[in-house]
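> coordinates for the following, if possible.
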Amino acid sequence: METYLWCAVGIIISVVLPIVWEVVYRYFPKPTPSAEPAAARAALGAFWRTVKPYVLLGIASLLTAILVVAFLGDTLKDYRAALLAGYAWDSTLQKLRR
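Down below sits the predicted model:
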């Protein structure tokens with residue numbers, strides 16, 4: 001179970017990292033003098049549209065982590081190996097998806 005959790009953490013990092021960079025580049029432009037609530041709602045909607053595919057991919061990857069851990073089994077000796085296996089799997093999956 002601990003190995004699975006570390007594998008899942010690697011996947012979560014792989015899913016969250018692109019989201020964070022997307023937010024930094026897209027949603028933190030230079031501030032404008034007139035910030036209105038409508039602009040905030042529009043930004044929140046745009047943020048959800050950006051994040052939604054990553055959330056769905058993360059859910060699919062977490063389910064796949066079960067298979068990764070089952071396949072690699074005893075070769076995952078510590079949390080570092082599990083973390084890297086989860087990250088590598090999800091990163092590869094995201095690249096193949098494009």
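> what sits closest to Thr64 if chain neighbours are left out?
Leaving aside its chain neighbours, Thr64 sits nearest to Trp89 (6.7 Å; criterion: C-beta to C-beta, 6 or more residues apart in numbering). Any C-beta I mention is one placed from the backbone N, CA and C, and that applies to glycine too.
> and the one you found, what does it touch?
Contacts for Trp89 (C-beta atoms under 8 Å, 6 or more residues apart in numbering) come out as Cys7, Gly10, Ile11, Ser61, Thr64, Ala65, Val68.
> need those in TSV (columns: pLDDT, secondary structure and distance to Tyr25).
Listed next are the contacts of Trp89 as TSV, based on pLDDT from 0 to 100; DSSP: H, G, I helix; E, B strand; the rest coil; distance: C-beta to C-beta, whole Å:
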residue	pLDDT	secondary structure	distance to Tyr25
Cys7	82	helix	29
Gly10	81	helix	24
Ile11	79	helix	23
Ser61	72	helix	23
Thr64	76	helix	28
Ala65	77	helix	28
Val68	78	helix	30
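> tabulate those residues (TSV), appending distance to Leu84 and neighbour count.
Formatted as TSV, these follow (distance: C-beta to C-beta, whole Å; neighbours: other C-beta atoms under 10 Å):
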residue	distance to Leu84	neighbour count
Cys7	9	29
Gly10	6	26
Ile11	11	29
Ser61	14	24
Thr64	15	16
Ala65	13	25
Val68	11	23
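> residues in contact with the nearest residue to Tyr79 once chain neighbours are set aside?
Spatial nearest neighbour of Tyr79, excluding adjacent residues (C-beta to C-beta, 6+ apart): Trp6 at 4.2 Å. Counting by C-beta under 8 Å, 6+ apart, Trp6 touches Tyr79, Arg80, Ala82, Leu83, Gly86.
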